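**Q** The sequence and its predicted three-dimensional model are supplied below.
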Amino acid sequence: MAVEAITARELRKTYITHLRKGLFKRERQEVHALKGVSFTVRKGEVFGLLGPNGAGKTTTVKILSTLLLPDGGEARVMGYDVVEEAPKVREVIGVSLTVEKGFFWKLTGRENLTYFGMLYGLDGRELEKRVQEVLELVGLTGLGVADKLYEEYSLGMKARLSIARAMITDPEVLILDEPTLGLDPPSARTLRELLVRLAHEEGKTVLVTTHNMFEAEIVCDRVAIINEGKIIALDTVEELKRRVSDKVSLEVIAAPPAGVPVASLVEAVRTTVGAPCEAFPENGLVRLKVVQSPDRVEETTSKVLRLLHERECRVRRVEVKEPSLEDVFIQLTGKTGF
Amino acid sequence: MGLRTLLKSGIVLDMYFFKNNRFAFVSMLLWPYLILGLILGMGALFGSAESFRENVGAAVNPLTYFVASTLAAMVSLDVMWGVGGSVLHHRWIGTLPYILLTPHRTSVTLVLTYVPRYLLTAGIQLAEFAPLILMTEGVGSGALKLGVMALAVTVGMLPILGFSALFASFLLSIKEETNVLSWVNPLILLFSGAFYPAYLLPKWARLISVALPSTYTIELARLSALMGSPELRKVTALIGILVAMSAVYNLVSGLVIQAGERRAMREGAI
């Protein structure tokens, strides 16, 4: 019996857009979203597709969900071809594309699930039972909001309802696009625990996209890092971290003066230390992260601190850490977070 | 799989919606009389019942005539919004991908979830006008005219469903998000003869009028006001046209909406 739930081979997709130039003139532009994406998701695992905005995550998810046709390559879900056997694929998948919308605002969570359940072929007692099960599974009954209007839901509740809908037909494969995007930390944590439970206790295969390294690190059994339409690394989190085990990460939390663009600061650090640098917003401050070999960390620290002093940035904290998935990502892509 | 459930889901959605929005239900009940009041008010402002009878050229009650027109125009609009506009609505609230992920063809989902809702709305509107028609025309003649109106809104719905599904396919494929129906619908009503009789329109507009199924729905509904034995043959002819148009439009829409969906899926319009 095949162990692969999802296989993607050399998926390619180009979007044609038209840039308006004046009243009547339009310029044709090609955006190469996927440039030959290949990966395999095993049955019963949580597989993360990790990448920055515009990397091709949503395009991949839409192709696997049969909502977008690829220009080339092949993808199969539970053995069914996503182009030729789309109806079969739809029977075995549950999809969540956005968490902040996708439901009827004037219906309660339970009513929304009942309606979508009917669209997907459930009815009567079976539907009623299943709606109750998924509401309990995602914890909306526990919160006492299953019979509240969707318009009264917080973003965290909306995210849970979106996963409940994906689960309504009890599919074998769950495809979730950025399920924790915009959630507050407690809601995101609850949802991450739910994803792990769905895979490890309910036996579902979960494909989840995220640009949150921390999330990928704690939720995913395996991770594929996608950047500019290509998979640049694919392995377990531990194996990926081992790739940069000869490195350490220097983290500096600083407050730049008003009006100083963070991107220019990142570029200056990169040029000064000659290593990849990433910046993350953190409680109104900026966390600068430089991945470096241990023998150069002292020299790098003094260079970074001197530069920040010259740029009138107030340094709040300096730390040297063991490598994380975030460091793998920085090392592989050299991307900045801003 | 589950076509009965699909039909039921439309009713369930409306029931939930009205349960949670009592004002929406009340406004739905008031709406037909508000439109009729507007048309009659405008008529009274610019003319009179006598001048209307002279212009129409028959001993017809203006009230019955305009009730029939209002009913046909409203249900035509309702179908356009319910099927054609549903793509826009689903796109706005983000439910479109989940509609496309149902195990049915998109045209089937859009049409079947809508039909019971349409019949319910049309039935309520007809029931609302029934006392007025029965009082105006008397029980025997009033019942006959209400019967023809019921026939018009039922048979008349069929080709408009196909026509609206064609429109839905167009909206699906062009990634349209603006409310194009707000200007398309008045034009359709104009060309269908809802505001002025179609024979008063210029020749090029009459050609469009001939191709629109709503023209015949409105004509059939209005005929109920002129109802007498000599018109019976005309009723049959109009029903024949509507049935033929139903076959053509629904067949074409079935094919075109698949192509529209494919195009949308190729270009990333979903």
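**A** Noted; the coordinates are in hand.
**Q** quick one, what contacts the residue nearest to the spatial centre of chain A?
**A** Centroid-nearest residue in chain A, with C-alpha atoms, centre = their mean: A:T210, separated by 1.0 Å. Shown in contact with A:T210 (C-beta atoms under 8 Å, 6 or more residues apart in numbering or on different chains): A:G48, A:L49, A:L50, A:E178, A:P179, A:T180, A:A216. For the C-beta atoms, the positions are set from N, CA and C on the backbone; glycine is no exception.
**Q** helix, strand or coil for residue 142?
**A** Unless you meant another one, I'm taking chain A. coil (DSSP: H, G, I helix; E, B strand; the rest coil).
**Q** looking at chain B here, not the other one
**A** B:G142 - assigned by three-state DSSP - is helix.
**Q** can you pull the contacts of it?
**A** B:A130, B:I133, B:L134, B:M135, B:T136.
**Q** which helix in chain A runs the most residues?
**A** In chain A, assigned by DSSP state H, the helix with the most residues is helix A:185-200.
**Q** distance between it and the chain's centre?
**A** Put simply, helix A:185-200 sits 14 Å off its chain's centre (C-alpha atoms, centre = their mean, to the nearest Å).
**Q** just the angle between the next helix or strand after that helix and helix A:185-200, please?
**A** Using DSSP states H and E, the helix or strand that follows helix A:185-200 in sequence is strand A:205-210. Per axes from the mean of the first three to the mean of the last three C-alpha atoms, to 10 degrees, the angle that strand A:205-210 makes with helix A:185-200 is 150 degrees.
**Q** what mean pLDDT does strand A:205-210 have?
**A** Averaged across strand A:205-210, the pLDDT comes to 94.
**Q** so after it, what's the next helix or strand?
**A** Sequence-wise, the next helix or strand downstream of strand A:205-210 (DSSP H and E) is helix A:213-219.
**Q** so what does that next one touch, helix or strand wise?
**A** strand A:46-50, helix A:185-200, helix A:325-333 (3 or more C-beta pairs under 8 Å, 6 or more residues apart in numbering or on different chains; DSSP states H and E).
**Q** which other residues reach the shortest one?
**A** Outside strand A:46-50, the residues within contact range by C-beta under 8 Å, 6+ apart are A:6, A:39, A:41, A:57, A:60-61, A:195-196, A:199, A:205-211, A:213, A:215-216, A:219-226, A:325, A:329.
**Q** Ok, stretch B:94-110 next?
**A** Residues contacting stretch B:94-110 (C-beta under 8 Å, 6+ apart): A:65-67, A:87, A:90-91, A:93, A:95, A:97-98, A:100-104, A:116, A:119-121, A:165, B:1-3, B:6, B:83, B:86-87, B:90, B:112, B:165, B:168-169, B:172, B:253-254, B:257-258, B:261, B:270.
**Q** How much space separates the residue nearest to the centre of chain A from A:V46?
**A** 11 Å (C-beta to C-beta, to the nearest Å).
**Q** same thing with B:W92?
**A** 32 Å.
**Q** so where do the strands sit in chain A?
**A** Secondary structure of chain A (DSSP state E): strands at A:4-21, A:25-42, A:46-50, A:72-77, A:80-81, A:93-96, A:173-177, A:205-210, A:222-227, A:230-236, A:248-255, A:277-282, A:285-292, A:314-321.
**Q** Report the inter-axis angle for the last one versus strand A:277-282.
**A** Think strand A:314-321. Using the same axes, to 10 degrees: strand A:314-321 against strand A:277-282 is 120 degrees.
**Q** Quick one, grab the pLDDT at the nearest residue to A:V273 once chain neighbours are set aside.
**A** Once flanking residues are discounted, A:V273 sits nearest to A:T300: 4.9 Å by C-beta to C-beta, 6 or more residues apart in numbering or on different chains. Looking at A:T300, its pLDDT reads 89.
**Q** Name all residues that make contact with A:T300.
**A** Contacts for A:T300 (C-beta under 8 Å, 6+ apart) come out as A:L250, A:V273, A:A275, A:V290, A:Q292.
**Q** that older thread, with mean pLDDT and mean neighbour count as added columns, please give the helices and strands packed on helix A:213-219 in JSON lines.
**A** Formatted as JSON lines, those follow (pLDDT from 0 to 100; neighbours: other C-beta atoms under 10 Å in any protein chain shown):
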{"stretch": "strand A:46-50", "mean pLDDT": "94", "mean neighbour count": "27"}
{"stretch": "helix A:185-200", "mean pLDDT": "88", "mean neighbour count": "17"}
{"stretch": "helix A:325-333", "mean pLDDT": "77", "mean neighbour count": "23"}
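**Q** could the ones you listed be laid out in a markdown table, adding distance to A:A255?
**A** Converted to a markdown table, those look like this (distance: least, C-beta to C-beta, whole Å):
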| stretch | distance to A:A255 |
| --- | --- |
| strand A:46-50 | 29 |
| helix A:185-200 | 22 |
| helix A:325-333 | 21 |
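**Q** Nearest to B:L151 among those would be which one?
**A** helix A:185-200 (52.8 Å; C-beta to C-beta).
**Q** and the angle from that closest one to strand A:173-177?
**A** Going by the same axes, to 10 degrees, helix A:185-200 makes 160 degrees with strand A:173-177.
**Q** who does helix A:185-200 touch, helix- and strand-wise?
**A** By 3+ C-beta pairs under 8 Å, 6+ apart, helix A:185-200 packs against strand A:46-50, helix A:155-167, strand A:205-210, helix A:213-219.
**Q** Can you give the distance from the third one to the centre of its chain?
**A** Read it as strand A:205-210. Worked out by C-alpha atoms, centre = their mean, strand A:205-210 lies 8 Å from the chain centre.
**Q** Note down every partner strand of it and its orientation.
**A** Strand pairing for strand A:205-210, using DSSP bridges, gives strand A:46-50 (parallel), strand A:173-177 (parallel).
**Q** With respect to A:E267, which of those strands lies nearest?
**A** Closest to A:E267 of these, according to C-beta to C-beta: strand A:46-50, at 23.8 Å.
**Q** send the alpha carbons of that closest one over as CSV?
**A** The C-alpha coordinates for strand A:46-50 follow below in CSV (Å, rounded to 0.1, in the frame of the first residue of the first chain):
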residue,chain,number,x,y,z
VAL,A,46,2.0,17.1,9.4
PHE,A,47,3.9,18.5,6.5
GLY,A,48,4.9,22.1,6.4
LEU,A,49,5.3,24.2,3.3
LEU,A,50,7.4,27.1,4.7
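**Q** quick one on the thing from earlier: mind listing which of the contacts of stretch B:94-110 are in helices?
**A** Under the assignment DSSP H, the contacts of stretch B:94-110 contribute A:87, A:90-91, A:116, A:119, A:165, B:3, B:6, B:86-87, B:90, B:112, B:165, B:168-169, B:172, B:253-254, B:257-258, B:261 to helices.
**Q** residues contacting the residue in the stretch 201-338 of chain A positioned nearest to chain B?
**A** Closest to chain B within the stretch 201-338 of chain A is A:G229: 13.8 Å, counting by C-beta to the nearest C-beta. When contacts are counted by C-beta under 8 Å, 6+ apart, A:G229 touches A:K13, A:H32, A:A33, A:L34, A:K35, A:G36, A:V37, A:A55, A:G56.
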